[in-house]
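Enquirer: Provided below are the primary sequence and the corresponding predicted coordinates.
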Amino acid sequence: MNFACVVYRVLMLLYSARFRAEFGDQMTQTFCDHFNDARQSRDGVGLSFWCGVLADALPSALHQRALVWRDAPFASLLSALMGVFVFLVAYSALVMLSLRLPHPPIVGIAFPITLATLLVGAATLSLSAVRMVGQYAHR
């Protein structure tokens with residue numbers, strides 16, 4: 001197995017264990033075939049190839065995880081944890097941006113307002129994701 005296939009196997013950890021057990025080998029084989037075809041093509045394997053792989057894998061893995069979370073007895077707790085995670089990532093990005101700029105773009109009262117907006121947005125996003133998965137699962 002070449003290095004790209006090993007990297008894809010690691011990427012497969014984003015999926016739930018149940019999903020990996022059922023589809024992991026098939027998905028890895030499909031990826032390895034796709035990688036070998038791309039490597040032999042005129043374009044080769046570059047950034048666009050890996051961006052395409054991530055653009056396919058990340059939403060799919062999130063959808064599969066959300067299906068597992070929706071069926072979990074603690075779906076609302078998982079949704080809240082996802083909201084906290086999104087908030088922390090957004091907050092960290094905001095702080096890092098503020099530290100890198102010579103004049104912080106958000107100061108005074110705007111900073112707590114921005115934090116509150118991020119928190120509400122993260123909570124809304126996480127609840128919407130759980131509801132959306134529930135709608136798609138019943139189709």
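Expert: Nice, thanks for sending it over.
Enquirer: can we go C-alpha only for contacts and neighbour counts from here?
Expert: OK.
Enquirer: tell me which other helices or strands the host helix or strand of residue 28 touches.
Expert: Element membership for residue 28, per DSSP states H and E: helix 17-40. Applying 3 or more C-alpha pairs under 8 Å, 6 or more residues apart in numbering; DSSP states H and E, one finds that helix 17-40 contacts helix 3-11.
Enquirer: what's in contact with the helix it packs on?
Expert: Residues outside helix 3-11 that contact it (C-alpha atoms under 8 Å, 6 or more residues apart in numbering) are 28, 31-32, 35, 57.
Enquirer: from these, which has minimum pLDDT?
Expert: By pLDDT, residue 57 ranks lowest within the contacts of helix 3-11, coming in at 84.
Enquirer: tell me the spacing between it and residue 113.
Expert: 34 Å (C-alpha to C-alpha, to the nearest Å).
Enquirer: what's the answer for residue 17, then?
Expert: From residue 17 across to residue 113, the span is 40 Å (C-alpha to C-alpha).
Enquirer: one step back: the helix or strand following the helix holding residue 28: which residues count as buried?
Expert: Next helix or strand after helix 17-40 toward the C-terminus (DSSP H and E): helix 47-71. Buried residues in helix 47-71, counted by 16 or more other C-alpha atoms under 10 Å: 49, 57, 61-70.
Enquirer: nearest to residue 89, of these?
Expert: Relative to residue 89, the closest of the buried residues of helix 47-71 is residue 62; by C-alpha to C-alpha it sits at 16.6 Å.
Enquirer: what's around residue 12, how many residues?
Expert: 21 (other C-alpha atoms under 10 Å).
Enquirer: before we move on, what about the one 10 residues further on?
Expert: A count of neighbours around residue 22, defined by other C-alpha under 10 Å, yields 10.
Enquirer: what sits against it?
Expert: Not one residue lies near residue 22 by C-alpha under 8 Å, 6+ apart.
Enquirer: thinking again about what came up before, from the contacts of helix 3-11, which is closest to residue 2?
Expert: Once C-alpha to C-alpha is applied, the member of the contacts of helix 3-11 that ends up nearest residue 2 is residue 32, at 8.4 Å.
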